[in-house]
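Chemist: pasting the sequence and the predicted coordinates here, then a few questions.
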Amino acid sequence: MSMAQYGGLLILSNDERDELMRWAHSRTLPAGDVFRARLILALADGCSYREIEQRLDTSAPTIARWRLRFEQDRFEGLSPRHKGSRPRIVTPAVQARIVRRTLQSSPDGSTHWSCRKLATALGISKSTVQRVWTQAQLKPHRLERYMASNDPEFESKAADIIGLYLNPPQHAAVFCVDEKTAIQALDRLDPVLPLSPGRAERHGFEYYRHGTLSLYAALDVKSGKVTGKTAKRHTSADFIDFLTGVVQQTKWAKEIHIVLDNLSAHKTKAVEEFLRQNPRVRFHFTPTYSSWLNQVELWFAKIQRDVIDRGVFTSVSDLARKLRRYIRAYENSARPFRWTYTDPQRRIRTNQLTGTAH
């Protein structure tokens, strides 16, 4: 094939060549723009159509088409003519129909809709269902659980505890105290297969339980540091022994405020006697079903994830040793918790008329 057969040598100005060179070596432009720039430069360099076909893996009609467009409109001719299909618009009626059906139960007894199941029921595409769900912030696959407090003094108790977090008294220490009970010392009967590229860590299904223990923890609200102690049981005597250790470590404080729940072991006569002997210590009980007000629960969730869930323990003493080691290491990175409640109007509360939560 001769160049004359296809219109001869393509002439470029210096500016055009510089711009096409920039396109041809770009790593950010679309691949189509890079391809067309290299095609035009090859024509301008006098390459034959056969050479261009082999170099750019294209065809003679494609080369001729882009050459003609460039000769007629220069750079504007290199823009693709096909802009793609027009986006399909879901009408408000269809959106309302999808939302309304999503909020209804599925006729086959399923607890919730999937996008494919709803799309089949409505005769539309699953992509349409997904777009409408995203716009309406609907997530049928998600489930959140709650516990509504029935404590008649919820507001005053919550305000008292939150006040300690936000504005504690001068020369006072504030601790969040609780115990994590019945932690199992589980040992795997089969060897653990370690993590490797392309394969997750694997544990055998069978296990042997060596026993259980309890973990007492006191979280310093100001520093985020945790004082912990393991015990075989969670009796009132164990609780008092733990509190005694906390008080002895906090001799500098004129007042020691302790946030804790309503467990029966926290309200025995022995505990009342401990409070009489330690007038610096003051208890602040959380409202019923409101463990989220106790910040140490956040730390318990952390140690559950980091140590307990996937831990392998050869004995109860091994479990206790690994828990204490984690607590000592946590002291180096401890930070106070900062949590907020963004919408007080949406707090779960008991409806006094119907007895339901909203």
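Modeler: Structure's in. What do you need?
Chemist: pretty sure residue 90 is touching residue 133, no?
Modeler: No: taking contacts as Cβ atoms under 8 Å, residue 90 lies outside contact range of residue 133: 11.5 Å. Quick note: C-beta positions are derived from backbone N, CA and C, even for glycine.
Chemist: who's more crowded, those two?
Modeler: With neighbours defined as other Cβ atoms under 10 Å, residue 90 and residue 133 compare such that residue 133 has more, 19 against 15.
Chemist: chain center to the one helix or strand that one maps to, what's the gap?
Modeler: Taking DSSP states H and E as the criterion, residue 133 maps to helix 126-136. Centroid separation for helix 126-136 versus its chain: 22 Å, with Cα atoms, centre = their mean, to the nearest Å.
Chemist: what's the following helix or strand after that helix?
Modeler: Defined by DSSP H and E, the subsequent element after helix 126-136 is helix 154-166.
Chemist: per-residue confidence averaged over that next one?
Modeler: If you average the pLDDT over helix 154-166, you get 90.
Chemist: which strands or helices does it pack on?
Modeler: The elements that helix 154-166 packs onto, with contact taken as 3 or more Cβ pairs under 8 Å, 6 or more residues apart in numbering; DSSP states H and E, are strand 255-260, strand 281-285.
Chemist: quick check: buried residues in the following helix or strand past the shortest one?
Modeler: So that's strand 281-285. Next helix or strand after strand 281-285 toward the C-terminus (DSSP H and E): helix 296-303. Buried positions in helix 296-303, judged by neighbour count with 16 or more other Cβ atoms under 10 Å: 296, 297, 299, 300, 303.
Chemist: now render those as a markdown table, adding pLDDT.
Modeler: A markdown table is the format used below for these (pLDDT from 0 to 100):
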| residue | pLDDT |
| --- | --- |
| 296 | 95 |
| 297 | 94 |
| 299 | 95 |
| 300 | 95 |
| 303 | 96 |
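Chemist: for those residues, which one is nearest residue 119?
Modeler: residue 297 (40.9 Å; Cβ to Cβ).
Chemist: now do the buried residues in whichever strand or helix holds residue 53.
Modeler: Assigned by DSSP H and E, residue 53 falls within helix 49-56. For helix 49-56, the neighbour count (16+ other Cβ under 10 Å) marks 49, 52, 53, 56 as buried.
Chemist: now residue 55, nearest residue through space, not along the chain?
Modeler: Nearest residue to residue 55, sequence neighbours excluded (Cβ to Cβ, 6 or more residues apart in numbering): residue 42, at 6.7 Å.
Chemist: and the strands in the protein, which stretches?
Modeler: 172-188, 207-220, 226-231, 255-260, 281-285 (DSSP state E).
Chemist: could you export those as TSV, including mean pLDDT and distance to residue 27?
Modeler: Converted to TSV, the strands of the chain look like this (pLDDT from 0 to 100; distance: least, Cβ to Cβ, whole Å):
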stretch	mean pLDDT	distance to residue 27
strand 172-188	94	50
strand 207-220	94	51
strand 226-231	93	50
strand 255-260	95	57
strand 281-285	95	61
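Chemist: looking at these, spot the one closest to residue 201.
Modeler: Taking those one by one with Cβ to Cβ, strand 172-188 is closest: 11.5 Å.
Chemist: pairing partners for the closest one, with directions?
Modeler: Strand pairing for strand 172-188, using DSSP bridges, gives strand 207-220 (antiparallel), strand 255-260 (parallel).
Chemist: report the buried residues of that strand.
Modeler: For strand 172-188, burial by neighbour count (16+ other Cβ under 10 Å) applies to 172-180, 183-188.
Chemist: so which of the buried residues of helix 296-303 comes closest to residue 258?
Modeler: residue 296 (10.5 Å).
Chemist: rewinding a little: which strands and helices lie in contact with the helix holding residue 53?
Modeler: Other helices and strands packing on helix 49-56, by 3+ Cβ pairs under 8 Å, 6+ apart, are helix 31-44, helix 60-73.
Chemist: deepest-packed of those helices, please.
Modeler: With neighbours taken as mean count of other Cβ atoms under 10 Å, those reach their highest mean count in helix 31-44, at a mean of 19.
Chemist: packing partners of it?
Modeler: Contacts defined by 3+ Cβ pairs under 8 Å, 6+ apart place helix 31-44 against helix 14-24, helix 49-56, helix 60-73.
Chemist: distance from the chain centre to the first one, please.
Modeler: A distance of 47 Å separates the centroid of the chain from that of helix 14-24, by Cα atoms, centre = their mean.
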